[in-house]
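1. Got a sequence here, can you model it:
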Amino acid sequence: MEKFCGLVAIILLCNLSLSSAATGTATYYTPPYTPSSCYGYEDKGTMIAAASDEIWDNRAACGRQYTVTCTGATNQGGYPCNGNSVVVTIVDYCPPPGCQATMDLSQEAFAAIANTDAGKILISY
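-> A predicted model of the protein is given here:
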């Protein structure tokens, strides 16, 4: 019985961690990636993103890392996801009204999880 209870607890914890991911949308932007709102001209690589107001938190998002997974298309153009996830660091701000997504990923980060022809995708992060 103890083994069974332990197994049930592990399954519940795994499901809890899977269900705690936030959902949103992602678009992408192209180089140059500097200057950025968070780091000026400091190069932070290519696995980066700009945060919308939803996660910007008055600059507190700077440096936060998110594991981003494509979960589907935002249009009727087919399924753009490739099944991968990518870890991105927030380096910039994506202000309204121009910001059309929860995260604006670098082109390289977007391409790591989806076909760039999609332009905008559904994500979990």
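
2. where do the strands sit along the chain?
-> All strands of the chain, identified by DSSP state E, fall at 23-29, 48-51, 65-73, 85-93, 103-106, 121-124.

3. which stretches of this protein have low pLDDT?
-> 1-19 (pLDDT under 70).

4. Nearest the geometric middle of it, what residue?
-> A centroid search over the chain (C-alpha atoms, centre = their mean) returns residue 68, at 3.6 Å, as the residue closest to the centre.

5. check contacts around the nearest residue to it once chain neighbours are set aside.
-> Of all residues not flanking residue 68 in the chain, residue 125 sits nearest, at 4.8 Å (C-beta to C-beta, 6 or more residues apart in numbering). Placement of C-beta: from N, CA and C, glycine included. The contact partners of residue 125, by C-beta atoms under 8 Å, 6 or more residues apart in numbering, come to 21, 22, 23, 24, 66, 67, 68, 69, 102, 103.

6. Go again with 7 Å.
-> Residue 125 makes contact with 21, 22, 24, 66, 67, 68, 103, according to C-beta atoms under 7 Å, 6 or more residues apart in numbering.

7. Tell me where this protein has helices.
-> For the chain, applying DSSP state H gives helices covering 2-19, 53-56, 107-113.

8. Please enumerate residues in contact with the last one?
-> Applying C-beta under 7 Å, 6+ apart, the external contacts of helix 107-113 come out as 26, 28-30, 46-49, 68-70, 81-82, 84-86, 88, 116.

9. how about a cut-off of 6 Å?
-> 28, 30, 46, 47, 70, 84, 86, 88, 116 (C-beta atoms under 6 Å, 6 or more residues apart in numbering).
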